[in-house]
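Engineer: Build me a model:
(3 chains)
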Amino acid sequence: MKNRASVIGGLAAILFSFFVFVIPFLFIILMSFKDRQQASLRDFSWPNGFHLWDNLVAVVSTRNWMMVTAFVNSTIMTVTSVTLLIVFAAMVGFVLARRNSRWNGPIEFLILAGLMIPPAVVPTIWLLQGLKLFGTLHGMILIQVAYNLPFSIILYRAFIVTIPRELDEAAVIDGARPLDVFFRIILPLLWPVTVTNIVVQSVGIFNDFTNPLYYLPGNQNATVQLTLYNFQSQFNTSYNLLFTNILLITIPPLIVFLFFNRQIVAGMTAGAVKG
Amino acid sequence: MSVATATEATIGHGPVRAGKRETAYPGWFLLPAAVIYAVLFLLPTISSLYFSLTRWTLFDATFIGFENFAQFFREPFLVKGLVNTVIYAVVTSSMKVVLGMALALLLTSRIVARGYLRSVVFFPVLVSTIGVGITFTVLMHPTNGMINEGLALLGVKGPGWLTNPNLALFSVALVDVWKGVGLATVIYIAGLVAIPKDYYEAARIDGATPWQNFWFVTLPLSRPATATVITLSFIGGLRTFDLIWAMTKGGPGFASDTIASVIYKQYQAGFFGLSTAGNVVLFILIAILVVPLTMLLNRKRGHE
Amino acid sequence: MNTWKTLVGLTAGLMAMTGMVGIAMAQTSLTLFSPNDQAAVAYTEEMVAAFEAANPDISVEIEVGPGGTERDNMVKSRLATGTMNDVFVYNTGSLFQAINPIQTTTDLSAEPYMATILDSFKQTVTATDGTLHGVPYGQAMGGGILYNKKIYEELGLSVPTTWDEFMANNAKIKEAGKAPVIQTFGDTWTSQLFVLADYFNVQAAEPDFATKYTANEAKYAGNPAAMGGFQKQADVFNAGDLNEDFGAAVLDDGLRMLAQGEGAHYPMLTFAVGTIAQNYPDLVSDVGYFALPGNDAAKNGTTVWMPTALYISASSPNQEAAKKLVAFVASKQGGCDPWVKINAITGPFLIQGCELPADVPPAVADLQTYFTADGRTAPALEFLSPVKGPNLENITVEVGSGIRTPEDAAALYDEDVKKQAQQLGLPGW
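Structural biologist: Purely as a prediction, here's the structure:
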């Protein structure tokens, strides 16, 4: 009896999820198969022919293969800044969770402020220029780290509280130095919440649209979200290419997702919830 | 335990004196993050406070005192924008709580195709906001959008999702929930999985109905998850910009303007001082709403 | 410790990769910041190819950025921070004044080619100290009504010269089951045409409106002539003359409906004829143009838009090469021939010695007739006064959707432009 109920419930859920979650993606895929004239109607119809390959070629080769540059840039930006974020945020979270100093209050205020205050664009540009970092990937990476630190620190801090203090104290008594304690003992234990961080932050940074627009001008610096501008202007839009582009830039997050799918829930269990 | 705390407190106050055992938690661990954050985020933010008191063309700035703040509050649509912002944040975060909890219950039950369902629900979280915005703008087209064509098959005449001024804000909020409910669900799943089985066992022995099970065991014990979902989605809702901009640009007219979109419009128009003042106002609004909320959520947690 | 080293190594390696950009060039390399609409990109590519062929020692890299208000933002941030490309394309008229051109762009007043550029254009790139800063990057455009000539033939209609005639035509078109007026508020900027294109009629009634407006002596609210545009937009909405999906349709939809005869009138700029020619080459001959009618048939004429301009960034280290490129764009080979070659003719050229080809689309030929007669053109207000409110397009969407009355809208717009005038530091505000 229970089994049948779960099968019926499951089928209903599958049907529902198909309409709500799958059809929008089918729509994107269908659009990317169409030619320009048909796509401009923007309806849910079967493509009049197989134009996916033409569209892909057009999207990838537009503006001197800008898409390729964009993928390289976005990958470097995402991987580097997520790496730095994880190490730095975990270090902060570790110290914050373990030490009760009078600085904890102000630090927590700064972290909350970082979550809440929208960044000031023009002063930041001046500053980056002063540091000779404007329009460079280095600068962009550091900006991403600065803007996303608060969220990562919050996740790490909550998780580290659940790791028994005896572990690191024992290591110190054995004569281990702080860096060794952190990298050899603590960081590996943080893996579940690190996965959460990797997934959420890499997707956020890869999909970031506004910050590269301001801090990373220039063709050689294009990131993937900016490629959407190639096909959507205020005067005309090539919907077939626009949706092919959306399809293409959804692939990297999809890979991250498939890779970490099973561990996402585990990381959340430990990280975000027990704090 | 109290001894340990006392030792830490002393370490926290000053440099470690020679002869004492080395701490495993050196203060310089904070340095890399602190430097990057202070230089690239705090410094520009603080300097922007000055510009909020000026008429600023980017090329030069004239000091005009609090005139920008006065002007910002005179903006004809600011009040509407304020109300919209709060409505948007409340609607999206409460829908994410309710739907996230419901989906999590469903997806932790013994349902078929659980893996598929979890993946499908979570996947929109990963797609670019701009991409989602473009797609749903097309799907919500009043006459040949897929949603209204689907409704027409059922004999219902669909509304102008994004063109009806009374509906536009809610339509965008709906898409926000569509995109964000996966994250809420995962947080809840994690929370539900963490509830020790003993509680349900005890409830079963007491003869609790499924409803009582939910009301007296699941709901209170998943409060930490609720706190996380509310905090993240509420702050996110108050700051929301990308999706609204991609879908309605605050329109039709000014119907779906939020504070963030009003600020952005001032910035676009070249009123840089005014938009900086707007940023300050937004920050104060968020602080006024969020700080008490987090305190409330945390206090309740303390009683558990 | 190993993990630490690996992490440091990995990070350092990735950071190093990001630094490997910038190989030394033997020749001068310019970057050009172009808008992203199809015609502009096609022209830019064509023009740059011709320029590079003529100047083998200079290479030009095209960077395509967003258009519209997002472009305003980027151009201002880049100029203010000295990070603008060597040469860039940007609006003329009121938006040109807002980029602080005397400081941020190179003075081109002494260049010999300025003598060959028409005065009507030059006044839109003249800074407050009288210096000239840009050359035309395109052709003049008309702003009025694009209409479907087939529908007019079938229903036996004639081109209206007064608003009442226009509304009468609309009634007949509606009876025939077509949408009389196409509106596309999915692209909000298209909603402003009724107000902006009505400026010829405003000027006909009040010749000194622009000067008074700049000096804060004339307003829209309470001024029937100035409010005409808002009123007309409300008229067509109240008469139920719009296409069903006016709230969500975008420019592309509007052009399709017009070309395929689903709708009869589309208030638009004539640059759109180029898009129709590309998307529906067989149908472009069905599309004609007439000025937005006023109340007096004796005073009938069209409002004219100037094209965007090419400027040199004052912070560019490559002034010499940049000036060569700008000179090329100001010449017939660089400024006119490429447009003819890519078949994107939307109005008269602004460089002397450039002729329109004989086979221009009918809408462009219609526009040309206004230029050949005296006193039948007026520049749009944004080229006569630096005062233009940023929220006009949102206000006109409201008027065109029946959310706000014309009176309310005019008052609200007067309030909106005040901030702009104060920001520019104009006297009298």
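Engineer: in what helix or strand does the residue nearest to residue C:357 when sequence neighbours are not counted lie?
Structural biologist: Counting by C-beta to C-beta, 6 or more residues apart in numbering or on different chains, residue C:357 lies nearest to residue C:340, which is 5.6 Å off, once chain neighbours are set aside. Placement of C-beta: from N, CA and C, glycine included. Under the criterion of DSSP states H and E, residue C:340 resides in helix C:337-341.
Engineer: After that helix, which helix or strand is next?
Structural biologist: helix C:362-372.
Engineer: and that following helix, which residues are buried?
Structural biologist: The neighbour-count check on helix C:362-372 (16 or more other C-beta atoms under 10 Å in any protein chain shown) flags C:363, C:364, C:366, C:367, C:370 as buried.
Engineer: helices or strands next to the helix or strand that it is followed by in the packing?
Structural biologist: Sequence order places strand C:377-379 as the next helix or strand after helix C:362-372, per DSSP H and E. Judged by 3 or more C-beta pairs under 8 Å, 6 or more residues apart in numbering or on different chains; DSSP states H and E, strand C:377-379 is in contact with helix C:199-205, strand C:302-305.
Engineer: Now for the residue of the stretch 51-200 of chain B found nearest chain A: which residues touch it?
Structural biologist: Across the stretch 51-200 of chain B, the shortest distance to chain A (C-beta to the nearest C-beta) belongs to residue B:112, at 3.3 Å. The contact partners of residue B:112, taken as C-beta atoms under 8 Å, 6 or more residues apart in numbering or on different chains, are A:6, A:7, A:10, A:11, A:14.
Engineer: and what of residue C:239?
Structural biologist: Residue C:239 touches C:167, C:170, C:171, C:174, C:180, counting by C-beta under 8 Å, 6+ apart.
Engineer: Could you check how far it is from residue C:170?
Structural biologist: If you measure residue C:239 against residue C:170 using C-beta to C-beta, to the nearest Å, the figure is 7 Å.
Engineer: One more: residue C:420?
Structural biologist: Residue C:420 is 34 Å from residue C:170, by C-beta to C-beta.
Engineer: picking that back up, now, which of the contacts of residue B:112 lie close to chain C?
Structural biologist: Cross-checking the contacts of residue B:112 against chain C (C-beta under 8 Å from any C-beta of the partner chain) gives no overlapping residues.
Engineer: Turn the residues you listed into JSON lines, columns for secondary structure.
Structural biologist: Formatted as JSON lines, the contacts of residue B:112 follow (DSSP: H, G, I helix; E, B strand; the rest coil):
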{"residue": "A:6", "secondary structure": "helix"}
{"residue": "A:7", "secondary structure": "helix"}
{"residue": "A:10", "secondary structure": "helix"}
{"residue": "A:11", "secondary structure": "helix"}
{"residue": "A:14", "secondary structure": "helix"}
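Engineer: ok, the residues you listed vs chain C, which is closest?
Structural biologist: Looking across these and measuring by C-beta to the nearest C-beta, the closest to chain C is residue A:14, at 31.4 Å.
Engineer: What pLDDT is listed against the nearest residue to the closest one once chain neighbours are set aside?
Structural biologist: Distances taken as C-beta to C-beta, 6+ apart place residue B:113 nearest to residue A:14, at 5.6 Å, with adjacent residues excluded. Per-residue pLDDT puts residue B:113 at 79.
Engineer: Quick check: residue B:113 touching residue A:10?
Structural biologist: Yes: counting by C-beta atoms under 8 Å, residue B:113 touches residue A:10, with 5.3 Å between them.
Engineer: ok, these two, which is more surrounded?
Structural biologist: Legend: neighbour count by other C-beta atoms under 10 Å in any protein chain shown for residue B:113 and residue A:10, higher for residue A:10 (19 against 15).
Engineer: Residue B:55 should be in a strand, yeah?
Structural biologist: Yes: the assignment for residue B:55 is a strand, going by three-state DSSP.
Engineer: give me the beta-bridge partners of it?
Structural biologist: Bridge pairing for residue B:55 (DSSP bridges) gives the partners residue B:62.
Engineer: roughly how far apart are it and residue C:362?
Structural biologist: 49 Å.
Engineer: Could you look up the SS state of the residue of the stretch 51-200 of chain B closest to chain A?
Structural biologist: coil.
Engineer: With residue C:108 instead?
Structural biologist: coil.
Engineer: isn't it right up against residue C:134?
Structural biologist: Yes: with contact defined as C-beta under 8 Å, residue C:108 reaches residue C:134; the gap is 7.1 Å.
Engineer: So those two - more neighbours on which side?
Structural biologist: residue C:134 (31 against 22).
Engineer: Quickly find the element holding residue 37.
Structural biologist: As the question left the chain open, I've gone with chain A. helix A:36-39.
Engineer: Switch to chain B, please.
Structural biologist: helix B:31-37.
Engineer: With residue C:216 instead?
Structural biologist: Judged by DSSP H and E, residue C:216 forms part of no helix or strand.
Engineer: roughly how far apart are residue C:48 and chain A?
Structural biologist: Distance check for residue C:48 against chain A: by C-beta to the nearest C-beta, to the nearest Å, it reads 12 Å.
Engineer: how many neighbours does residue B:60 have?
Structural biologist: 12.
Engineer: Kindly state the pLDDT recorded for it?
Structural biologist: 74.
Engineer: ok, now residue B:15?
Structural biologist: The per-residue confidence score, pLDDT, reads 43 for residue B:15.
Engineer: Check which element follows the helix holding residue A:37 along the chain.
Structural biologist: With DSSP H and E, the next secondary element past helix A:36-39 is helix A:52-98.
Engineer: where does the residue of chain A found nearest chain B land in three-state SS?
Structural biologist: Relative to chain B, the nearest point of chain A is residue A:101 (2.9 Å; C-beta to the nearest C-beta). What three-state DSSP gives for residue A:101 is coil.
Engineer: Count the neighbours of it for me.
Structural biologist: The burial count for residue A:101: 17, using other C-beta under 10 Å.
Engineer: From chain C, how far off is it?
Structural biologist: 25 Å.
Engineer: What of residue B:146?
Structural biologist: Distance from residue B:146 to chain C, by C-beta to the nearest C-beta: 13 Å.
Engineer: I'd assumed residue B:139 was in contact with that residue.
Structural biologist: Yes: counting by C-beta under 8 Å, residue B:146 touches residue B:139, with 4.9 Å between them.
Engineer: any common contacting residues for the two?
Structural biologist: Common neighbours of residue B:146 and residue B:139 (C-beta under 8 Å, 6+ apart) are residue A:27.
Engineer: which residues of the stretch 1-150 of chain C fall in strands?
Structural biologist: C:28-34, C:58-64, C:87-90, C:135-136, C:141-148 (DSSP state E, counting those that start in this stretch).
Engineer: so which of these gets nearest chain A?
Structural biologist: It's strand C:58-64; of the strands of the stretch 1-150 of chain C, that one is closest to chain A (C-beta to the nearest C-beta) at 4.9 Å.
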